[in-house]
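**Q** sequence plus predicted model, see below.
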Amino acid sequence: MIKQLITSAVLGAAMLGSHSLMAADFTLRFGHLANEQNIWHQAAEKFKEEVEANSDGQIEVRLYPSEQLGNEMDVINSIQLGTADMTITGESLQNWAPKAAMMAVPYAFRDSEHLHSAVNGDIGAEIEAQITERTNLVPLAWFERGPRELTSNRPIRTPDELDGLRLRVPNVPLFVDTWQAMGARPTPMAFSEVFTALQQNTLEGQENPLSLIESASFNEVQDYVNMTGHVRSWIYVVIGRNQLESMPEELQQVVRDAAQTMQEYQAELFVDDQARLEQALQERGMEFVEVDVDAFAEKARPAVLEALTEEQRELFDAIQDL
């Protein structure tokens with residue numbers, strides 16, 4: 001009798017377990033570029049936890065960090081083809097939706113509060129609507145990114161002090177034009193080559209968020225972080241519209257609610273991480289320099305406006321008016 005009870009219990013547990021494994025009616029394949037230690041991935045894990053718990057197992061979320069499903073553009077194309085479902089993406093979306101260019105325009109935003117006001121308001125809604133219309137991707141949440149800062153081996157507080165600084169920039173025409181306008185000598189170069197170029201004094205500076213300054217160990221070849229904050233940007237977590245709309249409305253709401261929780265969680269991680277990064281770089285010998293941000297923005301403005309289309313210019317002006 002005892003043996004029968006034990007056998008029944010084991011079989012019952014096995015059936016329950018197999019039911020939970022088979023219960024997912026929908027699977028969301030969520031691929032992105034960040035590694036497992038990155039706060040973006042930690043936020044994605046929060047999303048998975050929330051969705052699976054609040055859908056009673058009807059939705060399974062599979063996470064693929066570190067470009068396991070391909071690079072950003074690969075995953076976007078896969079979502080559009082239906083072989084992936086979600087990713088984290090930013091200004092690359094301007095290839096389809098020109099308004100998404102605002103996600104990387106120098107000096108579009110005065111500070112973090114200004115950025116939040118724009119993204120959470122009508123301007124953000126306008127950008128998101130165009131993204132969905134042109135790409136068939138639905139932005140579910142957004143993450144603030146660390147502002148890009150200028151590093152160098154001498155303090156730079158005003159544009160005049162750039163004085164022809166040999167500066168690495170990404171191969172983005174707007175970045176090249178903006179830094180030329182501000183008085184530097186920008187040189188597009190692959191990120192992997194920057195450390196050696198700084199070490200050999202081929203370059204005198206570079207610009208990136210604190211997270212990349214730390215991970216690339218630029219503190220070993222640069223003494224100052226000049227707080228230019230020249231690009232403040234954000235990034236979207238998107239889902240394929242077809243995938244989202246294939247779910248019943250109550251499950252769509254589970255996904256949207258989980259995305260909101262993920263966004264709030266990432267915002268907390270972001271603030272803590274920015275403070276940690278600044279402290280870590282100071283401990284490694286870098287000095288943080290306050291700059292005349294208004295002077296940099298004013299010097300950059302003509303190059304920025306020249307690069308924008310009429311549609312983008314209207315959005316840029318609306319952002320400035322906030």
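**A** Cool, the structure landed. Residues are numbered from 1 along each chain as shown.

**Q** all strands of the stretch 201-322 of the chain, in order?
**A** Taking DSSP state E, counting those that start in this stretch to define them, one finds strands in the stretch 201-322 of the chain at 205-208, 224-231, 234-240, 287-289.

**Q** contact partners of the longest one?
**A** Residues lying outside strand 224-231 but in contact with it, judged by C-beta atoms under 8 Å, 6 or more residues apart in numbering, are 104-107, 111, 147-157, 178, 207, 210, 213, 281, 286-291, 293, 296, 300. In this view, the C-beta of every residue, glycine as well, is placed from N, C-alpha and C.

**Q** show me where pLDDT drops low in the stretch 101-250 of the chain?
**A** Regions of the stretch 101-250 of the chain meeting the criterion pLDDT under 70 are absent.

**Q** which stretches of it form helices?
**A** Using DSSP state H, counting those that start in this stretch, the helices found in the stretch 101-250 of the chain span residues 112-119, 122-135, 173-182, 194-199, 210-215, 241-245, 249-283.

**Q** make CSV from the ones you listed and add distance to residue 35 and mean neighbour count to it.
**A** What follows is the helices of the stretch 101-250 of the chain, written out as CSV (distance: least, C-beta to C-beta, whole Å; neighbours: other C-beta atoms under 10 Å):
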stretch, distance to residue 35, mean neighbour count
helix 112-119, 25, 18
helix 122-135, 26, 17
helix 173-182, 25, 20
helix 194-199, 19, 17
helix 210-215, 10, 19
helix 241-245, 25, 16
helix 249-283, 14, 16
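
**Q** what's the closest of those helices to residue 47?
**A** The minimum distance between residue 47 and the helices of the stretch 101-250 of the chain falls on helix 249-283, with 4.1 Å, by C-beta to C-beta.

**Q** who does the closest one touch, helix- and strand-wise?
**A** Packed against helix 249-283 by the contact rule (3 or more C-beta pairs under 8 Å, 6 or more residues apart in numbering; DSSP states H and E) you find helix 39-54, strand 59-64, strand 137-144, helix 210-215, strand 234-240, helix 241-245, strand 287-289.

**Q** go again using 6 Å as the cut-off
**A** In this structure, helix 249-283 packs against helix 39-54, strand 137-144, helix 210-215, with contacts taken as 3 or more C-beta pairs under 6 Å, 6 or more residues apart in numbering; DSSP states H and E.

**Q** what comes into contact with the longest one?
**A** Think helix 39-54. Residues outside helix 39-54 that contact it (C-beta atoms under 6 Å, 6 or more residues apart in numbering): 30, 34, 59, 61, 63, 65, 88, 254, 258, 261-262, 265-266, 269, 273.

**Q** one step back: buried ones among the contacts of strand 224-231?
**A** 104-107, 147-152, 156, 178, 207, 210, 213, 281, 286, 289, 291, 296, 300 (16 or more other C-beta atoms under 10 Å).

**Q** how about the closest residue to residue 64 other than its chain neighbours, what does it touch?
**A** Leaving aside its sequence neighbours, residue 64 sits nearest to residue 31 (C-beta to C-beta, 6 or more residues apart in numbering; 3.9 Å). Residues near residue 31 by C-beta under 6 Å, 6+ apart: 64, 69, 75, 84, 87.

**Q** what is the neighbour count of the fourth one?
**A** It stands for residue 84. For residue 84, the count of nearby residues is 23 (other C-beta atoms under 10 Å).
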